[in-house]
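*Asks:* Sequence first, predicted coordinates after that:
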Amino acid sequence: MNTKYIFVTGGVVSGLGKGITAASLGRLLKNRGYKVTIQKFDPYINIDPGTMNPYEHGEVFVTEDGAETDLDLGHYERFINENLTQNSSITMGKIYSHVIEKERNGDYLGKTVQVIPHITNEIKEKIYGFESTDTDIVITEIGGTVGDIEGLSIIEAIRQVGLEKNPEDVLYIHVTLLPYIYGSNEIKSKPTQHSVKELQGFGIKPDILVCRTEQEIPDSIREKLSLFCNVRKTSVIQNLTADCLYAVPLLLEKEGLAREVCNHLKLDNYVPDNTEWEKMIEHIRNIPKENEVTVAIVGKYVKLEDSYLSVIESLHHAGFANNTNVKIKLMDSEAITKQNVEEKLRGIDAVVVPGGFGDRGVEGMITTIQYVRENKIPFLGICLGMQMTVVEYARNVLGIQDANSEEFDTKTKNQVIHIMEDQKTIRKKGGTMRLGSYKCMIKEGTLARDIYQKEEISERHRHRYEYNNAYKERLENAGLYCSGLSPDGNLVEMVELKKDVHPYFIACQFHPELKSRPDNPAPLFVNLIANIGDTPFCSEKHT
């Protein structure tokens, strides 16, 4: 079978759910037995989102091979349950950088370098990059909306793909908004018509319209869209707001999205096996309303929920596994002090302190960690959360008042978190972080071993600083045990308190949320929820 290409564009406004649409379609095609991968083209000039403000871009999702990517890749992985790669996240910054590098190396033999064909060829090279793999279908989401000036070269490139490949091997899906006007009590199709007209002006005829709407689409509107947008009526797909994010694939299945895709691409495997996904959604919907716990995420980027998207989704996954509804409360660590921490955490069943960069809000994190440790509230620290756990313990248990991270205080004599000597040379050469998947060896007789039920795990990282081994003996003698180490024993990956001291107090240098799936949740999150006290519905432990 030839590799099939599906392109998902957006119109009218951003934030309509192109990523969820692409991810949902990927799940539906995978349930038909096809090997599916998804990639995202972002039109901005940044090389990647790694240095972008979380308030502007949301979280940075990290792949197994260490790519810092758009948060939509998290949706892709959670829906299709496949580990994506660096070729799944492409920005115009990367494209221009590669083209300029080739020009400097003389690869273009002195020719004038232009958007067409050089930039568009570089884009197509990334699209065609999966042809050497066992991938059957490549779904490519185009960031932004049609007409954005920075994305025009991407639109031109995917137009060319439609010319270069067989008609039955390329499909264009356009995701648009159908606004509902409450004053006149009607759905308006004109914005979608204008968006499709603009896309057609660039030489692309959409084969399927996915219409984001808050109301059922009347048959008359479908007919109107079909006529004015030159799309078959059966290819006008309604995308209503779902009661559960993970129910979207089933809603789109019912609407006939996958059917239309199979027809256009002439795919033989027409009948899906959605049984397991349907069971999962049925289970989620049947969780009793009274089964509810409240988990606080105490971080520094709480003004934008997307900044902690994977952590939030992982907590929901853990709730599914424990037959529990997880209510999440985002708390600004900068606003937490020793005077108000008790009030702030009143009614909270568990606490997560997630990752981050910079010193803003870290004292509030330390105060929070001390409070949950002393009051035996279930706790999970992630990345910066683990580092602040070590700092808190060194200050308040060992009595090292100036204990800190080298990131925040380069002059303190007690850098319990630091850059290791052999890492300084690497960083001087330009390597700034430990990124991607690394192995971790878990000690026997630890909480971590009980959670993972195996000696070796692999988790994803994104950080610059490490646990200072010079303080390891003192911290362990005081009760903060290093339960997970790198295979060579040099890097501390996990710290914890014993179960007879605290019901659930564990922190990790890696980001377990990046590998959590709705049908295969991350063990650290599952056990966080399972160890909340006085919750009989959480009594069964999941590992």
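*Replies:* Sure thing, it's come through. Numbers count the residues shown, from 1 in each chain.
*Asks:* Need the three-state assignment for residue 199.
*Replies:* Put simply, residue 199 is helix when judged by DSSP: H, G, I helix; E, B strand; the rest coil.
*Asks:* so who does it touch?
*Replies:* Taking C-beta atoms under 8 Å, 6 or more residues apart in numbering, we find residue 199 in contact with 9, 11, 146, 155, 174, 205-206. (Glycine included, C-beta is placed from N, CA and C.)
*Asks:* Neighbours of residue 345, how many?
*Replies:* By other C-beta atoms under 10 Å, the residues close to residue 345 number 20.
*Asks:* my guess is it meets residue 296, correct?
*Replies:* Yes - in this structure residue 345 lies within contact range of residue 296 using C-beta atoms under 8 Å: 6.5 Å.
*Asks:* Now do the strands in the stretch 201-350 of the chain.
*Replies:* 208-213, 236-240, 292-299, 325-332, 350-353 (DSSP state E, counting those that start in this stretch).
*Asks:* For residue 73, which of the ones you listed is the nearest?
*Replies:* Closest approach to residue 73 among the strands of the stretch 201-350 of the chain is made by strand 208-213 (19.7 Å; C-beta to C-beta).
*Asks:* can you list the residues that contact the closest one?
*Replies:* So strand 208-213 is contacted by 16-17, 21, 171-178, 180, 187, 192, 196, 217, 225, 229, 231, 235-240, 252, 257, 260-261, 264 (C-beta under 8 Å, 6+ apart).
*Asks:* Report the buried members of the contacts of residue 199.
*Replies:* Neighbour counting with 16 or more other C-beta atoms under 10 Å marks 9, 11, 146, 155, 174, 206 as buried within the contacts of residue 199.
*Asks:* Run through the protein and note the low-pLDDT ranges.
*Replies:* For the chain, the stretches with pLDDT under 70 are 420-432, 534-543.
*Asks:* wait, isn't residue 172 in contact with residue 11?
*Replies:* No - look at residue 172 against residue 11 with C-beta under 8 Å: they stay out of range, at 11.8 Å.
*Asks:* In what element of secondary structure is the spatially most central residue of the chain found?
*Replies:* The centre of the chain sits closest to residue 74, judged by C-alpha atoms, centre = their mean, with a distance of 2.7 Å. In this assignment (DSSP states H and E), residue 74 forms part of helix 72-80.
*Asks:* just the helices in the stretch 101-250 of the chain please.
*Replies:* Along the stretch 101-250 of the chain, counting by DSSP state H, counting those that start in this stretch, helices occupy 120-127, 152-164, 190-201, 219-229, 248-255.
*Asks:* among those helices, which is nearest residue 388?
*Replies:* Comparing those by their distance to residue 388 (C-beta to C-beta), the top pick is helix 248-255, with 36.1 Å.
*Asks:* so what does that closest one touch, helix or strand wise?
*Replies:* Applying 3 or more C-beta pairs under 8 Å, 6 or more residues apart in numbering; DSSP states H and E, one finds that helix 248-255 makes contact with helix 18-30, strand 236-240, helix 275-285.
*Asks:* Quick one: distance of the shortest one to the chain centre.
*Replies:* Put simply, strand 236-240 sits 24 Å off its chain's centre (C-alpha atoms, centre = their mean, to the nearest Å).
*Asks:* before we move on, what about the longest one?
*Replies:* Relative to the centre of its chain, helix 18-30 is centred 15 Å away, using C-alpha atoms, centre = their mean.
*Asks:* From residue 103, how far off is the most far-flung residue of the chain relative to its centre?
*Replies:* Residue farthest from the centre of the chain, counting by C-alpha atoms, centre = their mean, is residue 110 at 41.6 Å. Distance, residue 110 to residue 103, using C-beta to C-beta, to the nearest Å: 9 Å.
*Asks:* where do the contact lists of residue 172 and residue 11 overlap?
*Replies:* Common neighbours of residue 172 and residue 11 (C-beta under 8 Å, 6+ apart) do not exist.
*Asks:* Just the helices from the stretch 401-543 of the chain, written as ranges.
*Replies:* Secondary structure of the stretch 401-543 of the chain, counting by DSSP H, counting those that start in this stretch: helices at 421-428, 447-452, 472-477, 523-530.
*Asks:* next one: the stretch 251-400 of the chain
*Replies:* Using DSSP H, counting those that start in this stretch, helices in the stretch 251-400 of the chain cover 257-265, 275-285, 309-321, 341-344, 362-374, 384-396.
*Asks:* Can I get these in JSON lines including mean neighbour count and distance to residue 138?
*Replies:* Converted to JSON lines, the helices of the stretch 251-400 of the chain look like this (neighbours: other C-beta atoms under 10 Å; distance: least, C-beta to C-beta, whole Å):
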{"stretch": "helix 257-265", "mean neighbour count": "21", "distance to residue 138": "12"}
{"stretch": "helix 275-285", "mean neighbour count": "15", "distance to residue 138": "22"}
{"stretch": "helix 309-321", "mean neighbour count": "24", "distance to residue 138": "24"}
{"stretch": "helix 341-344", "mean neighbour count": "14", "distance to residue 138": "47"}
{"stretch": "helix 362-374", "mean neighbour count": "22", "distance to residue 138": "41"}
{"stretch": "helix 384-396", "mean neighbour count": "25", "distance to residue 138": "35"}
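*Asks:* Quick one: closest of the ones you listed to residue 478.
*Replies:* helix 384-396 (7.0 Å).
*Asks:* Report the backbone C-alpha coordinates of that closest one in CSV.
*Replies:* Extracted in CSV, the C-alpha atoms of helix 384-396 (Å, rounded to 0.1, in the frame of the first residue of the first chain):
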residue,chain,number,x,y,z
LEU,A,384,11.7,21.2,39.8
GLY,A,385,9.3,19.7,42.3
MET,A,386,11.9,17.0,43.2
GLN,A,387,14.7,19.6,43.4
MET,A,388,12.6,21.7,45.8
THR,A,389,11.8,18.6,47.8
VAL,A,390,15.5,18.1,48.3
VAL,A,391,16.0,21.8,49.2
GLU,A,392,13.1,21.7,51.7
TYR,A,393,14.4,18.6,53.4
ALA,A,394,17.9,19.9,53.7
ARG,A,395,16.7,23.2,55.2
ASN,A,396,14.0,22.0,57.6
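*Asks:* For the residue nearest to residue 531 when sequence neighbours are not counted, give me its contacts.
*Replies:* Nearest in space to residue 531, with sequence neighbours left out and distances taken as C-beta to C-beta, 6 or more residues apart in numbering, is residue 504 at 3.8 Å. Listed by C-beta under 8 Å, 6+ apart, the contact set of residue 504 reads 350, 378-380, 447, 527-528, 531.
*Asks:* now the helices of the stretch 101-250 of the chain in CSV, with distance to residue 418?
*Replies:* Below are the helices of the stretch 101-250 of the chain laid out as CSV (distance: least, C-beta to C-beta, whole Å):
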stretch, distance to residue 418
helix 120-127, 38
helix 152-164, 42
helix 190-201, 52
helix 219-229, 59
helix 248-255, 45
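*Asks:* Mind checking these for the one nearest to residue 332?
*Replies:* With C-beta to C-beta as the criterion, residue 332 lies closest to helix 248-255 of these, at 30.6 Å.
*Asks:* What lies in contact with the closest one?
*Replies:* Helix 248-255 has contacts (C-beta under 8 Å, 6+ apart) with 17, 20-21, 24-25, 27-28, 79, 210, 237-240, 242, 258, 272, 274, 277-278, 281.
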